[in-house]
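Chemist: need a structure here:
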Amino acid sequence: MHLRYLLIFLILSQLTVLTFAESCIGYTDSFDVRVLDAKLRPIEGAVVNVTFDRGTSFGDKYFTTTPRYTDAQGKIHYDVLNQGTTTRTIDCAITISASAGGSTKKVVITANKHGSPVDLIFTDVYPVRFYVRDQERAPLVNASVMVGSITNNTDSSGMVKFFYKVGTYSYFASYLDAQQAGTLTVENDTEFEVIFAHYAISLDVMDDTGEPLNVTFTIAGQRFEAADGHFENGRVFGEEVPYTVEYRGLVREGVMTPASEPSITIIYDTHSPMFGDIVPGESGGRPQLTIPVSDPNQHASGLDLSSMKVLYKIEPSDETSPWSSAVTFTSGRDKFTAQFPELPPDSIVKFRIEIKDMEGNMAEIDGKFSILPVEVPQNNTQNQTNPPEPPEEGQGIPFYYILIGVIIVILAVYMVFRLKSKAVGGTEKG
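Modeler: I've put the predicted structure just below:
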């Protein structure tokens with residue numbers, strides 16, 4: 001009795017399986033998948049794929065579509081085809097998988113037994129609207145923004161939209177030379193703003209006399225020829241603006257900080273230092289040269305004191321004669337002194353002086369000076385000695401003193417005579 005019931009049950013089970021299999025063999029299904037956020041709004045850019053039974057007799061039983069992205073309505077359309085093998089039971093389940101904002105969802109439907117669209121709802125995902133603007137809050141179009149691992153560019157409103165699940169994410173935004181990095185937190189619908197200020201900058205290039213130079217600028221990756229040595233831009237982004245200036249193969253590089261220093265002047269010192277009148281002299285019995293030298297122009301880089309060099313050799317000499325170095329030191333403002341060792345008397349010294357400014361412009365001057373002979377006093381004694389000369393004898397009373405004395409005596413006699421004459425005349429009248 002029990003065997004009869006078991007046999008009937010097995011027969012019915014097989015018929016059920018066959019009936020179910022026949023309903024899935026060779027099916028075709030069409031449907032839309034729609035991905036929604038926590039507030040049932042469409043998520044654009046969600047990644048979706050579908051897995052279903054291929055219905056083949058050999059090979060892989062299941063097939064998974066390549067990932068596709070939802071459109072602005074959060075939708076993707078699928079047409080699914082089962083090839084209808086009769087060699088095995090067909091699985092009528094269709095698995096839909098989606099990911100958005102770091103979250104994943106999965107839904108399983110039965111072929112031709114579902115509605116459309118098939119919704120996948122991400123209850124922990126919210127939109128993040130990221131704005132990039134200047135200091136006047138004008139939108140910056142095509143700025144690059146990365147939030148988490150996704151990068152996109154801003155639209156005409158300066159905005160780029162992301163979807164992320166609740167959490168904290170790093171961001172990096174850039175526009176031309178401006179850039180900013182940080183973190184933002186998503187707890188609900190999120191708006192975030194980055195401000196990139198723009199500045200007006202100017203650069204002038206001149207030589208040490210103040211004359212403009214014909215140079216090439218490279219700023220923000222662009223090259224500019226400037227015959228008058230001037231560059232300006234009224235709208236530059238970035239707290240730091242790197243620049244390169246080239247003049248006759250000489251390159252200067254730097255970084256401007258427009259917020260604190262919007263204008264800079266770059267000087268190329270193109271002129272060498274200048275020598276004044278070089279004066280020979282003597283100190284402690286040794287010859288020396290006093291050397292005035294200056295770097296006089298308005299924007300000169302200044303003398304490189306360590307580069308001062310004085311070389312000399314005794315004449316006659318030729319190209320193969322070696323040079324010697326004199327001891328050189330500063331002896332005043334824009335003044336040097338070169339000291340030589342004891343040199344043969346009555347000789348001629350050839351010298352060469354070199355000095356550079358701080359930009360490497362070198363001044364050089366050649367010259368000669370003579371060493372005076374030593375004067376030896378003439379020896380007129382028999383024993384070859386030179387005794388000190390005796391002091392000079394007195395010269396007597398000078399003649400004009402005698403003359404004055406005579407005149408005084410004559411005047412005295414005359415006065416005595418006059419006084420006596422007056423005394424005699426007065427007595428007679430009485």
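Chemist: from D207, how far off is A338?
Modeler: For A338, the distance to D207 equals 30 Å [CB to CB, to the nearest Å]. C-betas here are computed from N, CA, C, even on glycine.
Chemist: the more surrounded of the two?
Modeler: Taking neighbours as other CB atoms under 10 Å, A338 and D207 compare with A338 leading, 24 against 19.
Chemist: pull the CA atoms of stretch 249-266 into CSV?
Modeler: C-alpha atoms of stretch 249-266 as CSV (Å, rounded to 0.1, in the frame of the first residue of the first chain):
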residue,chain,number,x,y,z
GLY,A,249,69.5,80.6,-22.8
LEU,A,250,69.5,81.8,-19.2
VAL,A,251,66.5,80.4,-17.4
ARG,A,252,65.0,81.7,-14.2
GLU,A,253,62.3,79.8,-12.4
GLY,A,254,60.1,80.8,-9.5
VAL,A,255,56.7,80.7,-7.9
MET,A,256,54.4,83.7,-7.5
THR,A,257,52.0,84.1,-4.6
PRO,A,258,49.4,86.4,-6.1
ALA,A,259,47.5,87.0,-2.9
SER,A,260,50.5,88.7,-1.3
GLU,A,261,52.8,89.6,-4.2
PRO,A,262,50.8,90.0,-7.5
SER,A,263,53.6,91.8,-9.3
ILE,A,264,57.3,90.9,-9.5
THR,A,265,60.4,92.3,-11.3
ILE,A,266,63.1,89.9,-12.5
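Chemist: other residues contacting that stretch?
Modeler: When contacts are defined by CB atoms under 8 Å, 6 or more residues apart in numbering, stretch 249-266 is touched by residues 197, 199-206, 236, 238-246, 268.
Chemist: buried subset of the residues you listed?
Modeler: 199, 201, 203-206, 236, 238-239, 241, 243, 245, 268 (16 or more other CB atoms under 10 Å).
Chemist: pretty sure S97 sits against V48.
Modeler: Yes: between S97 and V48 a contact is recorded at 7.1 Å, counting by CB atoms under 8 Å.
Chemist: those two: which is more packed in?
Modeler: V48 (23 against 19).
Chemist: for that one, list the residues it contacts.
Modeler: Counted by CB under 8 Å, 6+ apart, V48 has contacts 33, 35, 67-70, 76, 96-98, 120.
Chemist: beta partners of the residue lying closest to it once chain neighbours are set aside?
Modeler: Nearest residue to V48, sequence neighbours excluded (CB to CB, 6 or more residues apart in numbering): A98, at 4.6 Å. Per DSSP bridges, the residues bridged to A98 are V48, K105.
Chemist: which parts of the helix or strand containing A338 are buried?
Modeler: Using DSSP states H and E, A338 maps to strand 335-339. For strand 335-339, the neighbour count (16+ other CB under 10 Å) marks 336-338 as buried.
Chemist: over to stretch 306-318?
Modeler: Neighbour counts over stretch 306-318 (16+ other CB under 10 Å) mark 308-312 as buried.
Chemist: which of those fall in strands?
Modeler: Of the buried residues of stretch 306-318, the ones assigned to strands by DSSP state E are 308-312.
Chemist: what's the spacing between H230 and T257?
Modeler: With CB to CB as the criterion, H230 and T257 are 20 Å apart.
Chemist: which stretches in this protein count as helices?
Modeler: 2-24, 399-429 (DSSP state H).
Chemist: thinking D295 is in contact with I355, fair?
Modeler: No: using CB under 8 Å, D295 is not in contact with I355, being 9.2 Å away.
Chemist: what do these two both touch?
Modeler: With CB under 8 Å, 6+ apart as the test, D295 and I355 both reach 273, 303.
Chemist: dig out what the residue lying closest to I121 once chain neighbours are set aside forms beta bridges with.
Modeler: Of all residues not flanking I121 in the chain, L36 sits nearest, at 4.9 Å (CB to CB, 6+ apart). When assigned by DSSP bridges, L36 has beta-bridge partners P42, I121.
Chemist: okay, strands next: where are they in the stretch 1-150 of the chain?
Modeler: For the stretch 1-150 of the chain, the strands defined by DSSP state E, counting those that start in this stretch occupy 28-36, 47-53, 62-64, 68-69, 75-81, 93-100, 103-110, 118-121, 125-133, 144-147, 150-153.
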